[in-house]
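Colleague: just a sequence and a predicted model for now, questions to come.
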Amino acid sequence: MITIIDYEMGNLRSVEKAFESLGFAARVSADPADIASADKLVLPGVGAFADCIANLKKGGFVAPLLAHVESGKPLLGICVGMQMLFDESEEFGRHQGLGLIPGRVVRFPSGMIENGERLKVPHMGWNNLLLKKPSPLFAGVDDESFVYFVHSYYCRAANDDDVAASCRYGEVEFCASIRHDNILATQFHPEKSQTVGLRIFRNFGEI
Ligand SMILES: NC(=O)CC[C@H](N)C(=O)O
């Protein structure tokens with residue numbers, strides 16, 4: 001069973017439907033007890049880092065999530081769900097993350113110019129993945145495949161070994177996907193990334 005954590009900050013249904021369309025048993029749950037019995041866990045996320053981490057704590061999800069990771073079972077973080085895995089974020093202040101992946105979450109610089117055009121923040125739209133390290137998420141996914149992003153902040157991993165893929169936006173090459181043992185994560189939204197996103201979900205479901 002793939003359990004998608006409902007801490008009231010995520011586009012849960014589209015993630016659940018994507019897994020179900022691939023034939024996987026998936027459920028959205030706001031019950032921390034369900035986390036303990038999950039074979040695989042998904043930590044989605046849309047919104048401000050501080051609100052997300054506060055809701056995760058308020059819902060009592062942190063301890064069972066850490067226990068899941070400790071047990072060696074797969075975890076998939078998506079967007080701010082990936083950012084929360086890091087030590088801290090500077091989004092609207094300094095906020096502590098789960099500290100599972102060494103590193104910080106920082107804002108894209110304002111005023112980046114590319115091909116004479118000013119780049120907007122948030123980075124919103126299709127951009128291509130630069131595959132860096134083997135990851136179960138990318139079986140059958142070509143280098144430079146396009147995936148969909150919506151974010152103003154990005155993860156700066158302290159260890160390059162944790163970066164499975166990156167992406168370029170202006171002068172910034174940022175971490176687009178993490179692989180740290182059984183912890184997998186994407187800054188982009190596989191549920192908004194059409195066939196490439198579905199293949200990534202299928203790969204996660206098949207681990
Ligand atoms: N789409 C989102 O939820 C964005 C995540 C985070 N607030 C960021 O701006 O990077």
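Modeller: Received the coordinates, thanks.
Colleague: show me what whatever helix or strand T195 lives in is packed up against.
Modeller: Per DSSP states H and E, T195 falls inside helix 194-205. Helices and strands touching helix 194-205, by 3 or more CB pairs under 8 Å, 6 or more residues apart in numbering; DSSP states H and E, are helix 12-21, strand 40-43, strand 146-151. Bear in mind the C-beta positions are built from the backbone N, C-alpha and C, glycine included.
Colleague: of all the ones you listed, which lies closest to D162?
Modeller: strand 40-43 (16.2 Å; CB to CB).
Colleague: hang on, the earlier thing: out of the helices and strands packed on helix 194-205, which comes closest to L184?
Modeller: Once those are compared by CB to CB, strand 40-43 is nearest, at 9.8 Å.
Colleague: next SSE downstream of the closest one?
Modeller: Of the helices and strands lying after strand 40-43 in sequence (DSSP H and E), the nearest is helix 49-58.
Colleague: could you say what helices and strands that following helix packs with?
Modeller: Helix 49-58 sits against helix 80-83, strand 95-96, with contacts defined as 3+ CB pairs under 8 Å, 6+ apart.
Colleague: the first one close to the ligand?
Modeller: Yep, that's helix 80-83 we're talking about. Yes. Judged by CB under 6 Å from any ligand atom, helix 80-83 comes into contact with the ligand at V80.
Colleague: ok, residues contacting the helix or strand just after that helix?
Modeller: Using DSSP H and E, the helix or strand that follows helix 80-83 in sequence is strand 86-89. In this structure, residues lying in contact with strand 86-89 by CB atoms under 8 Å, 6 or more residues apart in numbering are 49-50, 83, 94-106, 153, 155, 157.
Colleague: got a list of what the most centrally placed residue in the chain touches?
Modeller: Computing the C-alpha centroid of the chain and ranking residues by CA atoms, centre = their mean puts I78 first, at 2.4 Å. Remark: with contacts taken as CB under 8 Å, 6+ apart, I78 is in contact with G10, V15, V42, L43, P44, G45, A185, T186, H189, P190, E191.
Colleague: equivalent analysis for R202, please.
Modeller: Residues L22 are the ones in contact with R202 under the rule CB under 8 Å, 6+ apart.
Colleague: report the separation between it and E20.
Modeller: Spatial separation of R202 from E20 under the definition CB to CB, to the nearest Å is 12 Å.
Colleague: before we move on, the earlier item: now list the buried members of the contacts of strand 86-89.
Modeller: For the contacts of strand 86-89, burial is judged from neighbour counts taken by 16 or more other CB atoms under 10 Å, and it is met by 49, 83, 95, 97-98, 100-101, 103-106, 153, 155, 157.
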